[in-house]
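Chemist: next one to model:
(2 chains)
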Protein chains: 2
Amino acid sequence: MINKDSLTHHISQQFNAELEEVRSHLLAMGGLVEKQVNDAVTSLIEADSGLAQQVREMDEQINKMETNIDEECLRILARRQPAASDLRLIISISKSVIDLERIGDEASKIAKRAIELCEEGEAPRGYVEVRHIGDQVRRMVQESLDAFARFDADLALSVAQYDKTIDREYKTALRELVTYMMEDPRSITRVLSIIWVLRSLERIGDHARNISELVIYLVRGTDVRHMGLKRMAEEVEGTASNPDNKGQ
Amino acid sequence: MINKDSLTHHISQQFNAELEEVRSHLLAMGGLVEKQVNDAVTSLIEADSGLAQQVREMDEQINKMETNIDEECLRILARRQPAASDLRLIISISKSVIDLERIGDEASKIAKRAIELCEEGEAPRGYVEVRHIGDQVRRMVQESLDAFARFDADLALSVAQYDKTIDREYKTALRELVTYMMEDPRSITRVLSIIWVLRSLERIGDHARNISELVIYLVRGTDVRHMGLKRMAEEVEGTASNPDNKGQ
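Modeler: Okay, the predicted model is just below:
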């Protein structure tokens, strides 16, 4: 026998299952993208053009995951008409997926450079910096996804804050490479390739920060994207004084 | 006297007005962003650091527009529970706004380089290319917005196709600048600044392409993002053969 209560319960269980499913698809896509970043950097450092090729080929699968998650979000919006935190979840997922896809693009670009550099044979300067910054942004991606998985605004905040460190290290590495180009102009093309790789890594850090900001929005209900780190920290720690900044 | 029909009519009129309003806000933001691109390039070419400063200051207003449009979209999703083409409109707007904000960011970065280059005083190579590619990507932004305003999938397709031309011209300009750096290593820092500007312009072209793909999705109901230009053209022209590719 079905009464109204059990029906409502049944529908909401199914709805929750759908929300849980799309969230798990986002996290699966994130796991793959994180692996792509790691493999792209490794392929460059270890001059492994086979691995780089794998990264390139995997890009299509990531694009497909983006399309599928978007379709799931659209279906949930159309059929379930989510409200409040459920709606924020769908919005956060449909925006995060854009960042994940672009991280995948950047990993693919790094792999492309790795293949070119393999062909040229000579290991240029800047590999230490690529390894170092690469490790850090890969961890940023991982932690932004962990924050998403656990609805952890504090972890998300720390990822957003860490982006400053990446920007600083990127600039330092860039200055060193420019100096090196001046000293040895024949190296310009190869060093420029490494500069593009560092640029991609810095962009990956930005995307991880974007995802973290979406996690804070999801958990706290406040759009923290353009408010600067200090106010963002106040929002997360619940010490923000201006109630006008609260979203819905 | 209010009867049910006139009430439904009334609600749907109000709903349409809300949709129209958020769309007009997107187009207004687009108009401002397009001006930012134009002003940033002009400030660089004409060494006008005052104009560059204005571009930098305007970035905050663009960020605010993004936040506001997002809030409008969220409100419409929560209260109106749009379906079919109305839902696609809201999704397209909420994704386009991300691209517009990033175009604004790139314009702001170009303006920052313009200020630095003004201080250094000397006009480096590459200005002809910056002017030329700058004009073209500004027009791409403009046309992608026109396509959005007029629900014009054909115009959107032509913008997406044009992105290939930009990529080619960007690569040619890059090769010339690298040659120039090799011939005159003292120019490396300045030429690198111009390379970053060209990179920003190329990214702006990518974002205009993204917006155009969203217009095609909005008008034709098909997600054309990762399908390549040939199939995209078939979708727009209605000659696509595989019905499985149709979205909802």
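Chemist: how about the longest helix that chain A contains, does it get close to chain B?
Modeler: Taking DSSP state H as the criterion, chain A has its longest helix at helix A:4-45. No: contact of helix A:4-45 with chain B (C-beta under 8 Å from any C-beta of the partner chain) is absent, the minimum separation being 13.7 Å. To be clear about C-beta, it is placed using only N, CA and C from the backbone, and glycine gets the same treatment.
Chemist: ok, now stretch A:202-212?
Modeler: No: Stretch A:202-212 does not reach chain B (C-beta under 8 Å from any C-beta); its nearest approach is 9.1 Å.
Chemist: which residues touch that stretch?
Modeler: Stretch A:202-212 is contacted by residues A:37, A:95-96, A:99-100, A:102-103, A:106-107, A:133, A:136-137, A:140-141, A:143-145, A:147-148, A:156-157, A:159-160, A:162-163, A:166-167, A:170, A:225 when judged by C-beta atoms under 8 Å, 6 or more residues apart in numbering or on different chains.
Chemist: which per-residue confidence value corresponds to residue A:244?
Modeler: On pLDDT, residue A:244 comes in at 48.
Chemist: following the longest helix of chain A, which helix or strand comes up?
Modeler: helix A:49-80 (DSSP states H and E).
Chemist: packing partners of that next one?
Modeler: helix A:4-45, helix A:84-120, helix B:84-120 (3 or more C-beta pairs under 8 Å, 6 or more residues apart in numbering or on different chains; DSSP states H and E).
Chemist: with adjacent residues omitted, what lies nearest to residue A:36?
Modeler: Of all residues not flanking residue A:36 in the chain, residue A:107 sits nearest, at 3.9 Å (C-beta to C-beta, 6 or more residues apart in numbering or on different chains).
Chemist: not counting sequence-adjacent ones, nearest residue to the most centrally placed residue in chain A?
Modeler: For chain A, the residue nearest the mean C-alpha position is residue A:208 (3.6 Å; C-alpha atoms, centre = their mean). Excluding the flanking residues, the one nearest residue A:208 by C-beta to C-beta, 6+ apart is residue A:140, at 3.8 Å.
Chemist: what of residue A:200?
Modeler: Among residues not flanking residue A:200 along the chain, residue A:106 sits closest, at 4.1 Å (C-beta to C-beta, 6+ apart).
Chemist: confirm for me that that neighbour is in contact with residue A:198.
Modeler: No: applying C-beta atoms under 8 Å, one finds residue A:106 not in contact with residue A:198, separated by 11.1 Å.
Chemist: just the pLDDT for residue A:7.
Modeler: pLDDT, residue A:7: 67.
Chemist: same deal with residue A:126?
Modeler: At residue A:126, pLDDT is 88.
Chemist: by mean pLDDT, point me to the weakest helix or strand of chain A.
Modeler: helix A:4-45 (a mean of 91; mean pLDDT, DSSP states H and E).
Chemist: right, and residue A:149 touches residue A:27 too?
Modeler: Yes: counting by C-beta under 8 Å, residue A:27 is a contact partner of residue A:149 at 5.6 Å.
Chemist: buried residues, stretch A:16-36. List them.
Modeler: Using 16 or more other C-beta atoms under 10 Å in any protein chain shown as the test for burial, stretch A:16-36 gives A:18-19, A:22-23, A:25-27, A:29-30, A:33-34, A:36.
Chemist: low-confidence ranges, chain A, go.
Modeler: Along chain A, segments meeting pLDDT under 70 span A:1-7, A:122-124, A:241-248.
Chemist: distance of the nearest residue to residue A:120 once chain neighbours are set aside relative to residue B:174?
Modeler: Nearest non-adjacent residue to residue A:120, counting by C-beta to C-beta, 6+ apart: residue A:190, 6.5 Å away. The gap separating residue A:190 from residue B:174 is 15 Å, by C-beta to C-beta, to the nearest Å.
Chemist: and for residue A:165?
Modeler: Note on residue A:165: its distance to residue B:174, by C-beta to C-beta, is 29 Å.
Chemist: mind giving me the packing neighbours of the least confident helix or strand of chain A?
Modeler: helix A:49-80, helix A:84-120, helix A:127-150, helix A:188-220.
Chemist: which one of those helices has the most crowded surroundings?
Modeler: Most buried of the helices and strands packed on helix A:4-45 by mean neighbour count (mean count of other C-beta atoms under 10 Å in any protein chain shown) is helix A:188-220; its value is a mean of 23.
Chemist: quick one, that helix and helix B:188-220 angle?
Modeler: Interaxial angle, helix A:188-220 versus helix B:188-220 (axes from the mean of the first three to the mean of the last three C-alpha atoms, to 10 degrees): 50 degrees.
Chemist: how far off centre is helix A:188-220?
Modeler: Centre-to-centre, helix A:188-220 and its host chain are 8 Å apart (C-alpha atoms, centre = their mean, to the nearest Å).
Chemist: do stretch A:85-96 as well
Modeler: Distance, centroid of stretch A:85-96 to centroid of chain: 15 Å (C-alpha atoms, centre = their mean).
Chemist: give me the contacts around it.
Modeler: Against stretch A:85-96 from outside (C-beta under 8 Å, 6+ apart): A:15, A:19, A:22-23, A:26, A:30, A:69-70, A:73, A:76-77, A:80, A:82, A:148, A:210-211, A:214-215, A:217-218, A:221, B:74, B:77-78, B:91, B:94-95, B:98.
Chemist: OK, contacts around the residue nearest to residue A:200?
Modeler: A:37, A:200-201, A:203-204, A:207.
Chemist: excluding chain neighbours, what is closest to residue A:233?
Modeler: Spatial nearest neighbour of residue A:233, excluding adjacent residues (C-beta to C-beta, 6+ apart): residue A:157 at 6.1 Å.
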